[in-house]
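[1] what's the 3D shape of this:
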Amino acid sequence: MATCSLFCCIGGVRPYMPKILLHEQKFKDFLVYVPKLDQVDPTVESPKPSIPIDDNSAYAVQLVRQVNYGPLESIRWFMSTKTEDGSVMFFEIDEKDLIEANFDKKLNSFKNYRCQTHNKFFELNIYQKNPVNAHHWRANIARPASEIDLPPRQA
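    Take a look at the predicted model:
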């Protein structure tokens, strides 16, 4: 997983064409938690948290980072989980974990951010657990987002 900061800088990233959405609170929770994710030391090996299989309130955030009108720099995934006090926290996962936990429903809800200073563009997407009946679930229906999403435009 990538070790760079999620956003290029703290003060320069601004919403791009902001809208208030149905899933607004999910985006707000993630953006509030971002500074804590940036403080994680990538050199320290920590145990990987388990993805909440039976938690229907859990969701994943996809963070796409690219040069504005340029090449894709990274795609990172973060899973939400509730803490004992009821607050939301996030931990980084990879796409394989997302598929194995059946989080393959990309919601029609996204937010865009831009940093004029560093000429960067960021897109946040929300993924939720597929609401299919587990009795009818087949192992071969999951596809990586790289097969579903549009390919990144190369400069």
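[2] The protein: strands as residue ranges?
    For the chain, the strands identified by DSSP state E occupy 13-15, 59-67, 72-82, 88-93, 105-115, 120-128, in order along the chain.
[3] Find the nearest non-adjacent residue to E73, please.
    If you skip the residues right next to it in sequence, E73 has R65 as its closest partner in space, 4.6 Å away by C-beta to C-beta, 6 or more residues apart in numbering. Heads up, the C-betas are built off the backbone N, CA and C, glycines and all.
[4] what number of residues lie near that neighbour?
    Other residues lying near R65 total 20 when counted by other C-beta atoms under 10 Å.
[5] Quick check: beta-bridge partners of it?
    S74, F122 (DSSP bridges).
[6] That one reaches L124, doesn't it?
    No. Distance between R65 and L124: 10.4 Å, which falls outside the contact criterion (C-beta atoms under 8 Å).
[7] that older thread, what's the closest of the strands of the chain to I51?
    The minimum distance between I51 and those falls on strand 72-82, with 5.7 Å, by C-beta to C-beta.
[8] same for that closest one, what does it pack against?
    Strand 72-82 sits against helix 24-38, strand 59-67, strand 88-93, helix 95-100, with contacts defined as 3 or more C-beta pairs under 8 Å, 6 or more residues apart in numbering; DSSP states H and E.
[9] Strand 120-128 and that one, what's the angle between them?
    With axes from the mean of the first three to the mean of the last three C-alpha atoms, to 10 degrees defining the directions, strand 72-82 sits at 40 degrees from strand 120-128.
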